[in-house]
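*Asks:* fold the following for me, if possible:
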Amino acid sequence: MPTLMDMNEIKNKVIEVVGRNALHNPDRVHEQSNLKNDHGIDSLKIVNLLFDLEEEFGICVDQSSLVFENFSTVEKISQYIYQKLGDADES
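*Replies:* Okay, the predicted model is just below:
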């Protein structure tokens, strides 16, 4: 049974993953960072980021969820992952 992580743990891991994928300012990633504008993560780089997030958290990103609004900031990514992990615990 997967252990449900708290939101702060998720945010910290998301910040690490975004930092590894950032084209610039990897050391300045924070909750409200805009991935595209602040870190240069474009539509091609987001694919690598999504793979890394899936591997890091053991989740599968739903194709229907692949909209910019869900993956534009660390905060939004963290909320998505928190929900996915909660859904996995209920299964």
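
*Asks:* which residues of the protein score low on pLDDT?
*Replies:* 1-3, 88-91 (pLDDT under 70).

*Asks:* need the residue closest to the centroid of it.
*Replies:* residue 77 (4.0 Å; C-alpha atoms, centre = their mean).

*Asks:* any idea which element it lies in?
*Replies:* Secondary structure assigned from DSSP states H and E places residue 77 in helix 74-90.

*Asks:* how far does that helix sit from the chain's center?
*Replies:* Relative to the chain's own centre, helix 74-90 is displaced by 9 Å; criterion: C-alpha atoms, centre = their mean, to the nearest Å.

*Asks:* now do that helix: which elements does it pack against?
*Replies:* Counting contacts by 3 or more C-beta pairs under 8 Å, 6 or more residues apart in numbering; DSSP states H and E, helix 74-90 packs against helix 7-21, helix 43-57. To be clear about C-beta, it is placed using only N, CA and C from the backbone, and glycine gets the same treatment.

*Asks:* most packed of those?
*Replies:* Among those, the stretch with the highest mean neighbour count (mean count of other C-beta atoms under 10 Å) is helix 7-21, at a mean of 17.

*Asks:* show the subsequent helix or strand relative to it.
*Replies:* helix 35-39.

*Asks:* buried set for that following helix?
*Replies:* Applying a neighbour-count criterion of 16 or more other C-beta atoms under 10 Å, one finds 35, 36, 38, 39 buried in helix 35-39.

*Asks:* check the offset of it from the chain's centre.
*Replies:* Taking the mean C-alpha point of helix 35-39 and that of its whole chain, the gap between them comes to 13 Å (C-alpha atoms, centre = their mean).

*Asks:* pull the residues that contact it.
*Replies:* Contacts to helix 35-39, defined as C-beta atoms under 8 Å, 6 or more residues apart in numbering, come from residues 18, 21-26, 28-29, 33, 41-42, 46, 49, 71-74.
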